[in-house]
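J.: Below are the sequence and a predicted model for it; my questions follow.
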Amino acid sequence: MSLSNSMETKALKWLFKLEADEGNSSLRPTAWYVALCLTDPTDTALGSEVSGGGYARQAVTFTVSGNNASNSADIEFPEATANYGTVQAVMIMPASTGGAASDMIAHAQLSVDKAINTGDIFRIPIGDLDINID
């Protein structure tokens, strides 16, 4: 996964305590949600998120070791009640709904696109969602 340009800037501001310069008392998200995308997000634009068919972003928690953060538990989306389409990417967002590109924390293209049809359940096993900072 890659941090968005906005989150890279926020991380640097948080690390160097510059957030007060923009009037923000806290830049650190308090919750993280995985969103499934039908198109790839970029550092400055959201992907086209799945909608309908029982879809909902799923909360995620992370374990951090060195320069890597990975999901600390399996992530399971609800059973699709209608076809989602072909999921190509995921985004990490700070809220269960909504948000703009400037809110996106990280994004990544899937190693293999996955068509989600009625009755399918999309899962990300523990430790398979990695965010690295080099």
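T.: Looks like it came in fine. Residues are numbered from 1 along each chain as shown.
J.: Would you mind measuring from Pro125 to Ser70?
T.: For Pro125, the distance to Ser70 (Cβ to Cβ, to the nearest Å) stands at 10 Å. Quick note: C-beta positions are derived from backbone N, CA and C, even for glycine.
J.: helix or strand for Ala108, which one?
T.: Element membership for Ala108, per DSSP states H and E: strand 106-116.
J.: same for that strand, what does it pack against?
T.: Identification of packing neighbours for strand 106-116 by 3 or more Cβ pairs under 8 Å, 6 or more residues apart in numbering; DSSP states H and E yields strand 2-3, strand 85-93.
J.: Now the weakest link among those strands, please, by mean pLDDT.
T.: Per-stretch averages of pLDDT across the helices and strands packed on strand 106-116 put strand 2-3 at the bottom, with a mean of 76.
J.: show me where the chain has helices.
T.: Secondary structure of the chain by DSSP state H: the helices cover 5-16.
J.: okay, and the helix or strand of it with the least pLDDT?
T.: Comparing helices and strands within the chain by mean pLDDT, DSSP states H and E singles out helix 5-16 as the least confident, with a mean of 68.
J.: contacts for the strand holding Ala108?
T.: Among residues not part of strand 106-116, those counted as contacts by Cβ atoms under 8 Å, 6 or more residues apart in numbering are 1-4, 7, 36-37, 40-43, 47, 50, 80, 83-92, 122, 131.
J.: one step back: compare Pro125 and Ser70 and say which one has the larger neighbour count.
T.: More neighbours surround Ser70 than the other of Pro125 and Ser70, with 17 against 11 (other Cβ atoms under 10 Å).
J.: quick one: the more buried one and Ile131 touch, right?
T.: Yes - the criterion here is Cβ atoms under 8 Å, and Ser70 meets it with Ile131 at 7.5 Å.
J.: Between the two, which contacts overlap?
T.: With contacts taken as Cβ under 8 Å, 6+ apart, the residues that reach both Ser70 and Ile131 are Phe62.
J.: residues contacting the closest residue to Thr63 other than its chain neighbours?
T.: Spatially, and ignoring its direct neighbours in sequence, Thr63 is nearest to Ser72 (4.3 Å; Cβ to Cβ, 6 or more residues apart in numbering). For Ser72, the contact set (Cβ under 8 Å, 6+ apart) comprises 61-63, 126.
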